[in-house]
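J.: heads up, no residue letters with this:
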């Protein structure tokens, strides 16, 4: 059965759906790598009300949806940094993340034609996925406020 995927900007009022997806994937794959401080820090960021406030500023969220369900999201800060990028497990490795990233890059460049790179602080378990999307590691793994990450960028 062909389930087409629709890509679009997150609509106001969808913050709960987006954060449900983010927190579900986070707890499944990323939280086991973090200490309690890191999980708390991440979940304070991944809050529906905080997300609603962020998108009033210079951040945007693109979503992938299939059959009316949000199955992937990418949040971009300042049109130059990936702050959240999550795809539901059953939809991973199907090109959805690649398309979300491509559309986000297009939007960033249209807003800032001088843009030379898009950065991300990748969780350690996502480094290989980011490499497959063309990003390169820009430093060693770090831990800040319990959040473990590897700095990466797409030029």
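T.: Ah, there it is. Just so it is clear, the model here is predicted, and its values are computed rather than measured.

J.: How about the residue most central in space within the chain, nearest residue that isn't a chain neighbour?
T.: Of all residues in the chain, the one closest to the mean position by C-alpha atoms, centre = their mean is residue 85, 1.5 Å from it. Spatial nearest neighbour of residue 85, chain neighbours left out: residue 74 (4.8 Å); criterion: C-beta to C-beta, 6 or more residues apart in numbering. All C-beta spots, glycine's among them, are computed from the backbone N, C-alpha and C.

J.: now the one you found, which residues is it bridged with?
T.: Note on residue 74: beta-bridge partners by DSSP bridges are residue 62, residue 85.

J.: again with residue 122
T.: Here residue 122, judged by DSSP bridges, has bridge partners residue 150.

J.: show me the residues around it that make contact.
T.: 130, 135, 149, 150, 151, 152 (C-beta atoms under 8 Å, 6 or more residues apart in numbering).

J.: re the thing from before, correct me, but the residue nearest to residue 85 touches residue 98?
T.: No - counting by C-beta atoms under 8 Å, residue 74 does not reach residue 98; the two are 10.7 Å apart.

J.: Tell me which of those two has more neighbours.
T.: Taking other C-beta atoms under 10 Å, residue 74 and residue 98 do not tie; residue 74 has more neighbours (26 against 14).

J.: Tell me who's in contact with that one.
T.: Taking C-beta under 8 Å, 6+ apart, one finds 61, 62, 82, 84, 85, 97, 100, 101, 104 in contact with residue 74.

J.: just the buried members of those?
T.: Among these, those buried by neighbour count (16 or more other C-beta atoms under 10 Å) are 61, 62, 82, 84, 85, 97, 100, 101, 104.
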